[in-house]
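K.L.:
Sequence and computational prediction follow.
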Amino acid sequence: ERFREWIEPRVRQVRMIVTGALSVILGLTVATWRDQVFLFMNSQSFGIDDPIYQVDLGFYVFRLPLWETTVDWLFNVLVLATVVVAISQYLNGGIRFDGRRLSTTRGAKVHLSIMFALIALVRAASYRLDMFELLFSENAEKFFGAGFTDIAARLPVLRLLILIALIAAVLFIANIFRQGWTLAAVSVGAWLVVAIIAGVIYPAFVQRFQVLPDQLQKEMPYITNNLAMTRGAYQLDQVDVRPFGASNDLTAEVIEENR
């Protein structure tokens, strides 16, 4: 109540200051996107597909960087906006906490539930882009690029997390029509548990007990992909191999004459 008494005559000025400050921060962040935007605007096709997803390599060079930057930025904006909304609702009485129980007004619950649903949808898009990022995996113990654990463990996990994020978005909307926040809390808790178990523990288990005992055999198809794409990058796949009849009677004089 004391806050509302103080803010009412100054609400316009406070809104302008907060909005202006956040706009400058977010605008300065977007200003660093120059290179990604120019690449996106001048995207070209390589005519060569990657061996995992069968997507043209031009997508990874020209379009993926901007998509990733945009989705990450949008996620951060939504999280920041949700925090600002929650603080504003608390200060205005929309959210109340008496030390034991959290209660919200109908308007605050609708507002926050929609914000949480939007965050979940953007996170699902982020998981989708993370699937492409598997091709950029780098581990000092192996080659550059996707390996057995990435494709056999991390890729299915990302697909599962996309589904969970979409379900969570639906549950957040359904939470609007239910009493309390139990449904939302359960969905977030289940999401975190699956992300930890499936996203961290399961890939480590596969790497330890499936890959390491027979690493060369398991990684051979992906090593082959790495070699083939490396040869293509340096155009070594275009080398014209010709037989050369070498002589066995090479002498120092011949070497001197052919410096």
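P.N.:
Yep, that arrived.
K.L.:
tell me the contacts of residue 237?
P.N.:
Contact analysis of residue 237 by CB atoms under 8 Å, 6 or more residues apart in numbering lists 228, 231. Quick note: C-beta positions are derived from backbone N, CA and C, even for glycine.
K.L.:
Go again with 10 Å.
P.N.:
Taking CB atoms under 10 Å, 6 or more residues apart in numbering, we find residue 237 in contact with 228-231.
K.L.:
How confident was the prediction at residue 139?
P.N.:
Reported pLDDT at residue 139 in the predicted model: 66.
K.L.:
and for stretch 30-42, what are the contacting residues?
P.N.:
Residues outside stretch 30-42 that contact it (CB under 10 Å, 6+ apart) are 58, 61-70, 73.
K.L.:
on that earlier part again, pull out the buried members of the contacts of residue 237.
P.N.:
For these, a burial check counting by 16 or more other CB atoms under 10 Å picks out residue 229.
K.L.:
ok, the contacts of residue 237 vs residue 179, which is closest?
P.N.:
Closest approach between the contacts of residue 237 and residue 179, by CB to CB: residue 229, at 55.5 Å.
K.L.:
Can you give me the distance of that closest one to residue 235?
P.N.:
Applying CB to CB, to the nearest Å, the value for residue 229 to residue 235 is 12 Å.
K.L.:
Rounded mean pLDDT for the helix or strand where residue 228 lies, please.
P.N.:
In this structure, residue 228 sits in helix 215-233 according to DSSP states H and E. The pLDDT scores in helix 215-233 average 92.
K.L.:
could you point out which element follows that helix?
P.N.:
Next helix or strand after helix 215-233 toward the C-terminus (DSSP H and E): helix 252-257.
K.L.:
Show residues contacting that following helix.
P.N.:
247, 251.
K.L.:
Could you shift the numbering so residue one becomes 837, and keep it that way?
P.N.:
In the new numbering, first residue 837, that becomes helix 1088-1093.
K.L.:
Rounded mean pLDDT for it, please.
P.N.:
The average pLDDT for helix 1088-1093 rounds to 90.
K.L.:
got it, and stretch 1013-1020?
P.N.:
Averaged across stretch 1013-1020, pLDDT comes to 87.
K.L.:
What of stretch 859-871?
P.N.:
The predicted model assigns stretch 859-871 a mean pLDDT of 89.
K.L.:
mind listing what's buried in it?
P.N.:
Residues of stretch 859-871 include none that count as buried (16+ other CB under 10 Å).
K.L.:
how far does it sit from the chain's center?
P.N.:
Between the centre of stretch 859-871 and the centre of its chain there are 19 Å (CA atoms, centre = their mean, to the nearest Å).
K.L.:
Strands of this structure, start to end?
P.N.:
Secondary structure of the chain (DSSP state E): strands at 931-933, 938-940.
K.L.:
These: which one's closest to residue 1024?
P.N.:
Between the strands of the chain, strand 938-940 lies closest to residue 1024; by CB to CB that is 14.2 Å.
K.L.:
Report the buried residues of the closest one.
P.N.:
residue 940.
K.L.:
Equivalent analysis for stretch 868-883, please.
P.N.:
872, 875-876.
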